[in-house]
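Chemist: quick one: sequence and predicted model below, then my questions.
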Amino acid sequence: MHTISNVEFMLLQMFAECRQASGYDIKKLVDQRGYREWANISTTSIYVGLKKLSDKGWIIPEESDGKSGKGPMPTLFSLTEAGMANLRNEILDSLSSTRERDIRFDLGLAALPHIGKDEAIIALRKRLDFLAQISMTINQKYESQGGVSMPLNVRALFLHPISLIESEQAFVVRLINELIEGR
């Protein structure tokens, strides 16, 4: 179970990257990077996430001294040390212990620049172990329930996640190799 939502995780990443941003700045980044499509992040969830992170003390609001339009003076937010520490923990957790179809892993990949290469490699190797354990559990259930003798529609419920895990493991190995080679 994750301690923060995907929106909060993404917001922490953006503040680590931008240093200081308003809700509107974040909304523009979300649109530019397509987070709405693959991470299911809405404008409302951005502002709710900002409030939650501010309440936790992981970002701090500051009044902006520059106004460029007709709207109200924007509130700029900055990441605190506690926010950065929690971001690092979330990155390592998302890289090491997410299932094969979890967008949390993609959010962790987007945050790779905020952790060290060695930390990323260790987390990804843990994920390989995690996925291998999940695959083994699914294979054991598959065999215990009849394996190839089960009807195709039932076998497919086991074989689909096994196939996805194998593909994910190959991807993670390739990613680790690229990190090691420094690409």
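Modeler: On my side now, so go ahead. Numbers count the residues shown, from 1 in each chain.

Chemist: same for the longest helix along the chain, what does it pack against?
Modeler: Using DSSP state H to define each element, the chain has its longest helix at helix 152-181. Other helices and strands packing on helix 152-181, by 3 or more C-beta pairs under 8 Å, 6 or more residues apart in numbering; DSSP states H and E, are helix 117-144. In short, each C-beta sits where N, CA and C put it, glycine included.

Chemist: buried ones in the helix it packs on, by neighbour count?
Modeler: Buried residues in helix 117-144, counted by 16 or more other C-beta atoms under 10 Å: 119, 120, 121, 122, 123, 124, 127, 131, 134, 135, 138, 142.

Chemist: what comes up buried for the longest helix of the chain?
Modeler: Within helix 152-181, the residues that count as buried by 16+ other C-beta under 10 Å are 155, 158, 159, 161, 162, 165, 168, 169, 172, 175, 176.

Chemist: so for that helix, mean pLDDT?
Modeler: Helix 152-181 comes out with an average pLDDT of 96.

Chemist: closest to the centroid, which residue in this protein?
Modeler: Per C-alpha atoms, centre = their mean, the C-alpha nearest to the average position across the chain is that of residue 107, at 2.4 Å.

Chemist: check which helices and strands the worst-scoring helix or strand of the chain on mean pLDDT sits against.
Modeler: Of all helical and strand segments in the chain, the minimum by mean pLDDT, DSSP states H and E falls on helix 35-39, at a mean of 84. With contacts taken as 3+ C-beta pairs under 8 Å, 6+ apart, helix 35-39 sits against helix 6-18, helix 103-110.

Chemist: and among the ones you listed, the most buried is which?
Modeler: Comparing the helices and strands packed on helix 35-39 by mean neighbour count (mean count of other C-beta atoms under 10 Å), helix 6-18 ranks first with a mean of 22.

Chemist: so what does it touch, helix or strand wise?
Modeler: Applying 3+ C-beta pairs under 8 Å, 6+ apart, one finds that helix 6-18 contacts helix 23-33, helix 35-39, helix 43-56, strand 59-63, strand 75-79, helix 81-96, helix 103-110.

Chemist: what's next to that helix, contact-wise?
Modeler: By C-beta atoms under 8 Å, 6 or more residues apart in numbering, the residues outside helix 6-18 that reach it are 2, 4, 21, 25-26, 29-30, 35, 39-41, 45-46, 48-50, 52-53, 58-59, 77-79, 83-84, 86-87, 90, 94, 103-104, 107, 110-111, 113-114.

Chemist: one more: stretch 57-77?
Modeler: Contacts to stretch 57-77, defined as C-beta under 8 Å, 6+ apart, come from residues 11-12, 15, 20-25, 50, 53-54, 78-80, 82-83, 86.

Chemist: contact partners for the residue sitting furthest away from the middle of the chain?
Modeler: The C-alpha centroid of the chain is most remote from residue 149, which lies 38.4 Å away (C-alpha atoms, centre = their mean). For residue 149, the contact set (C-beta under 8 Å, 6+ apart) is empty.
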